[in-house]
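Asks: Sequence and predicted model, in that order:
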Amino acid sequence: MHLAFFADFQLRVRYTTLMRLALFEPDIPQNAGAVMRLAACLGAGVDVIGPCGFVLDDRRMRRAGMDYLDGLDLIVHESWARFRDSGAGAPGRRLILLTTCGATPYTAIRYRSGDVLVLGRESAGVPEDVHAAADKAVMIPMAPGARSLNMATAAAIVLGEAVRQIGMST
């Protein structure tokens, strides 16, 4: 299992940011880095749920995230079970799954402070137990014949809408 930490990160095990993005077993370090940069810029925290398909201190992820990662509220979880045990599913924290299998457009729900947006693995999405644990499953409408968006792009679209609805934390 590849769960090394960035040496210069302060790992703060807390859930105080306005919203969080949870990356379920990410495969591509550049996408994870881009999501981390997005979260840092919009005041969200990030949970990385292992195992990852890369070493978390991979230079490509650092390159994608640039210097924005230094202040990121990042929590790394060894597994989905550890993520759930950590308080991610505590009262007031809804798990909102971004999925191509969702029936509800991402614009059709009201986001709340404390929501956790869950993004699946680039190569396979999430397993059924993660689908079942989600409080909501939302999708981004796409043109006919399009299968899916890049994970970081999907995160930006949905987090942007959530921030628009609830406001920035800073």
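Replies: Thanks, I have it.
Asks: Every contact and neighbour count from this point should use C-alpha atoms.
Replies: Fine.
Asks: Please, where are all the strands along this protein?
Replies: 20-24, 45-49, 74-77, 95-98, 104-105, 116-119, 136-139 (DSSP state E).
Asks: List the buried residues for stretch 93-108?
Replies: 93-100, 102, 104, 106-107 (16 or more other C-alpha atoms under 10 Å).
Asks: and what of stretch 148-158?
Replies: Judged by neighbour count (16+ other C-alpha under 10 Å), stretch 148-158 contains these buried residues: 151-152, 154-156, 158.
Asks: quick one: contacts of the longest helix anywhere in the chain?
Replies: Counting residues, the longest helix in the chain under DSSP state H turns out to be helix 151-166. For helix 151-166, contacts defined as C-alpha atoms under 8 Å, 6 or more residues apart in numbering pick out 21, 31-32, 34-35, 38, 42, 98, 106-107, 110-113, 117, 119-120, 122, 140.
Asks: what's the angle from that helix to strand 20-24?
Replies: Taking axes from the mean of the first three to the mean of the last three C-alpha atoms, to 10 degrees, one finds that helix 151-166 is oriented at 160 degrees with respect to strand 20-24.
Asks: what pLDDT, on average, does helix 151-166 get?
Replies: Across helix 151-166, pLDDT averages out at 95.
Asks: So what touches stretch 122-129?
Replies: For stretch 122-129, the surrounding residues in contact (C-alpha under 8 Å, 6+ apart) are 24, 26-28, 99, 119-120, 150-151.
Asks: Turn the strands of the chain into TSV, including mean pLDDT.
Replies: Conversion of the strands of the chain to TSV gives the following (pLDDT from 0 to 100):
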stretch	mean pLDDT
strand 20-24	96
strand 45-49	94
strand 74-77	89
strand 95-98	97
strand 104-105	98
strand 116-119	97
strand 136-139	97
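Asks: got CSV for those, with distance to residue 146 too?
Replies: Listed next are the strands of the chain as CSV, based on distance: least, C-alpha to C-alpha, whole Å:
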stretch, distance to residue 146
strand 20-24, 22
strand 45-49, 27
strand 74-77, 32
strand 95-98, 16
strand 104-105, 16
strand 116-119, 18
strand 136-139, 13
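Asks: Residue 83 is nearest to which of those strands?
Replies: Relative to residue 83, the nearest member of the strands of the chain by C-alpha to C-alpha is strand 74-77, separated by 5.5 Å.
Asks: Which neighbours in the sheet does that closest one have, and how are they oriented?
Replies: Applying DSSP bridges, strand 74-77 is found paired with strand 45-49 (parallel).
Asks: residues of the strand it pairs with that come out buried?
Replies: Neighbour-count burial for strand 45-49, counted by 16+ other C-alpha under 10 Å, picks out 45-49.
Asks: Serialize those to CSV and add fields for distance to residue 70.
Replies: Formatted as CSV, the buried residues of strand 45-49 follow (distance: C-alpha to C-alpha, whole Å):
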residue, distance to residue 70
45, 12
46, 13
47, 15
48, 16
49, 19
